[in-house]
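Peer 1: the sequence isn't on hand, but the structure is:
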């Protein structure tokens with residue numbers, strides 16, 4: 001008897017060029033813990049005619065509702081797989097993910113001191129600014145067989161449009177990497193004499209004297225996070241500011257405005273306090289891709305709005321007999337709801353939910369593409385102890401007093417299928433209002449928590465998750481808190497339950513944005 005085991009179930013996805021059309025290239029492997037839904041839910045209506053026979057007649061199929069939902073560990077690759085789809089916006093700096101020439105845009109080939117890449121676009125060439133005295137672009141390699149090709153590298157020749165090589169001061173080892181290796185733009189290196197960091201309470205300015213005339217030309221955006229200081233390759237920090245007494249000044253900050261050579265910053269890391277440049281020679285400013293919700297192209301000229309649709313493959317091993325697999329394809333899927341779960345002293349998980357147009361019949365014939373799907377690379381689990389670089393809300397002004405016991409963050413697009421007469425399954429998909437919600441429990445450390453709830457005060461929230469695969473900063477610029485119910489566990493601290501509703505604030509520090517997501521290819525692992 002044929003039987004398919006859960007432990008051998010395979011899940012893959014590809015981005016569709018048009019709704020419901022399976023792609024033939026670009027498929028990627030997923031790592032589900034618990035696929036709770038895959039395929040079509042069929043609605044059948046029975047026939048119950050009045051008859052002396054006293055029996056029902058055969059019914060008929062009237063609807064088919066297609067969906068995919070699964071829970072999995074939260075990793076950097078798992079998050080970036082569908083970030084664009086759930087936020088309905090493309091990554092800014094998407095060209096930072098460098099590819100090589102030829103084939104299906106594999107990772108860059110390493111040789112001696114250069115990488116072979118696709119022709120550098122005019123846009124990317126402008127962002128990879130280089131002069132002999134600085135700034136110097138930084139790239140980060142991961143997944144190469146030869147360790148010399150991995151890690152942070154400084155570019156030493158100005159990349160021009162149409163160039164197909166990037167030159168570094170590192171000694172590389174000639175290698176054509178596996179398909180899941182990557183080379184990404186990671187930030188910029190500057191001479192310390194060129195940069196001045198001035199900190200004033202909870203805000204700061206980072207000013208370039210001459211090397212960088214406009215930070216925005218490097219690919220930085222209002223609302224995006226940066227990190228001052230980088231990893232030296234052995235887990236320790238390097239290239240940051242100094243406090244004049246041997247103390248390191250480094251960490252994350254959010255960009256509130258860009259004025260030419262000046263970056264205005266807030267949401268400062270606790271390690272960004274005071275500066276004295278006398279004991280440093282170089283400063284690395286790390287940044288990467290950035291995504292935030294934008295208006296539809298019909299409502300504005302914002303070119304980053306995108307409505308991604310996905311095809312999923314479910315592989316059932318041995319379903320056609322021992323050694324013969326069967327395949328099921330759910331197509332036309334829009335991202336409906338993403339729930340990020342951060343429990344206490346655990347690994348972070350996420351539940352991804354999609355609603356689609358139709359699911360094909362299970363077949364022994366495999367579609368083109370999934371058999372060569374690329375496996376994930378950044379698969380280290382994010383833990384909720386050492387893996388949270390920062391978790392803050394301005395309801396409690398002192399970062400040291402912010403203590404969350406649990407946290408759930410959800411992104412919801414209120415997707416619904418649109419059916420038409422004469423068609424089984426959805427003909428179209430409707431994307432609804434974008435909602436960002438928060439549920440959590442905090443220690444009751446400050447009365448301002450409940451005051452903010454009563455007064456409907458606009459507050460902000462941010463969580464930065466990091467591990468050996470990089471970091472992701474999730475920022476909610478404007479939200480209101482609700483609930484406020486307290487719990488009084490014996491022999492423990494008083495707890496307060498909160499719920500949060502993000503909204504687009506046209507007058508806020510980061511106007512008209514409900515969520516901003518900043519990705520880093522690499523950050524220092526040493527956070528002490």
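Peer 2: Thanks, I have it. Quantities reported herein were computed from a predicted structural model and do not represent experimental measurements.
Peer 1: mind listing the strands for the stretch 101-250 of the chain?
Peer 2: For the stretch 101-250 of the chain, the strands defined by DSSP state E, counting those that start in this stretch cover 109-111, 114-116, 136-142, 151-154, 165-167, 182-191, 195-200, 203-208, 225-228, 230-231, 237-238, 241-242, 248-249.
Peer 1: for the last one, packing partners?
Peer 2: With contacts taken as 3 or more CB pairs under 8 Å, 6 or more residues apart in numbering; DSSP states H and E, strand 248-249 sits against strand 241-242. C-beta here means a position set from N, CA and C on the backbone, and glycine is covered the same way.
Peer 1: can you give the distance of the strand it packs on from its chain's centre?
Peer 2: Computed by CA atoms, centre = their mean, to the nearest Å, the chain-centroid distance of strand 241-242 equals 30 Å.
Peer 1: list the contacts of it.
Peer 2: Residues outside strand 241-242 that contact it (CB atoms under 8 Å, 6 or more residues apart in numbering): 192, 197, 228-229, 248-250, 275-280, 283.
Peer 1: circling back to that earlier point, which one of the strands of the stretch 101-250 of the chain is the most hemmed in?
Peer 2: Neighbour counts averaged per stretch over these are highest for strand 225-228, at a mean of 28; criterion: mean count of other CB atoms under 10 Å.
Peer 1: what sits up against that one?
Peer 2: Contacts of strand 225-228 from elsewhere in the structure, counted by CB under 8 Å, 6+ apart, are 187, 197, 206, 220, 240-241, 249-255, 263, 265, 267, 272, 283-287, 464, 471, 473, 475, 518, 520, 523-524.
Peer 1: doesn't residue 507 make contact with residue 478?
Peer 2: No: counting by CB atoms under 8 Å, residue 478 does not reach residue 507; the two are 9.2 Å apart.
Peer 1: between those two, tell me which one has more neighbours.
Peer 2: The residue with more neighbours, out of residue 478 and residue 507 and counting by other CB atoms under 10 Å, is residue 478; that gives 22 against 8.
Peer 1: with adjacent residues omitted, what lies nearest to that one?
Peer 2: residue 505 (3.7 Å; CB to CB, 6 or more residues apart in numbering).
Peer 1: next: residue 414.
Peer 2: Counting by CB to CB, 6+ apart, residue 414 lies nearest to residue 432, which is 2.9 Å off, once chain neighbours are set aside.
Peer 1: quick one: contacts for that neighbour?
Peer 2: Remark: with contacts taken as CB under 8 Å, 6+ apart, residue 432 is in contact with 413-416.
Peer 1: any weak-confidence spans in the chain?
Peer 2: Applying pLDDT under 70 to the chain flags the ranges 1-2, 102-105, 298-302, 397-398, 400, 526-528.
Peer 1: quick one: what helix or strand has residue 367 in it?
Peer 2: Take DSSP states H and E as the rule and residue 367 turns out to sit in neither a helix nor a strand.
Peer 1: neighbours of it, just the number please.
Peer 2: Neighbour count of residue 367, defined by other CB under 10 Å: 19.
Peer 1: chain center to stretch 503-511, what's the gap?
Peer 2: Computed by CA atoms, centre = their mean, the chain-centroid distance of stretch 503-511 equals 22 Å.
Peer 1: circling back to that earlier point, so can I have TSV of the strands of the stretch 101-250 of the chain showing distance to residue 409?
Peer 2: Formatted as TSV, the strands of the stretch 101-250 of the chain follow (distance: least, CB to CB, whole Å):
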stretch	distance to residue 409
strand 109-111	38
strand 114-116	36
strand 136-142	26
strand 151-154	30
strand 165-167	36
strand 182-191	25
strand 195-200	29
strand 203-208	25
strand 225-228	16
strand 230-231	27
strand 237-238	28
strand 241-242	32
strand 248-249	30
